[in-house]
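[1] Structure of the sequence below:
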Amino acid sequence: MRTGAGRQRYNVLGAINAVTHELVREANDGYINAQTVCALLRKLAAKHGGGPITLILDNARYQRCKLVQELAATLNIELLFLPPYSPNLNQIERLWKFVKKTALNSRHYPNFQEFKAGIDKCLDELPTIHRESMETLMTLKFQTFENVSLLAA
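    Presented below is the predicted three-dimensional model:
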């Protein structure tokens, strides 16, 4: 009987450009914390030449800490926090759902290294093999609820 690779974790913290769909990521085998977020901020700043960047984040505590906010200010990165419980507004959540479906669903990885390699392969193929999927998935169109009749329960 085939079993999973064990209780190891592979964390990927990412930022996706809303227009070009370019992904910048920071990954580790431990936990996501303020230092991981700071590493991602440094990668973003280096990639975009110190120009102004607006980074949309959820409300994770390690993203709101003083260390992250001070570094973001020095790197000319504006941190824009989404309201609580609003993953539908966060494009990166769409990407993670796609990665899970593409790299993990109905797949068995015999060991942790192959598990990580499967995820990394999917992420590396976003601008090539998965380009068309990204163009339709990562749209900036959001459903609005203007002029919709609502029924009270």
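[2] Report the distance from the helix or strand containing residue 70 to the chain centre.
    With elements delineated by DSSP states H and E, residue 70 resides in helix 66-74, which encompasses its position. The chain centre lies 19 Å from the centre of helix 66-74; the measure is Cα atoms, centre = their mean, to the nearest Å.
[3] which residues are contacting it?
    By Cβ atoms under 8 Å, 6 or more residues apart in numbering, the residues outside helix 66-74 that reach it are 34, 35, 37, 38, 41, 42, 55, 62, 78, 79. Every residue, glycine included, has its C-beta placed from N, CA and C.
[4] Can you tell me the SS state at residue 24?
    Remark: residue 24 carries the secondary structure label strand [criterion: DSSP: H, G, I helix; E, B strand; the rest coil].
[5] how much space is there between it and residue 105?
    In this structure, residue 24 and residue 105 are separated by 25 Å, where distance is defined by Cβ to Cβ, to the nearest Å.
[6] higher neighbour count, those two?
    Under the neighbour definition other Cβ atoms under 10 Å, residue 24 and residue 105 were set side by side, and residue 24 has more, 16 against 7.
[7] who touches the more buried one in this structure?
    14, 15, 16, 40, 43, 44, 47.
[8] one more time with 6 Å, if that's ok
    Taking Cβ atoms under 6 Å, 6 or more residues apart in numbering, we find residue 24 in contact with 15, 43, 44, 47.
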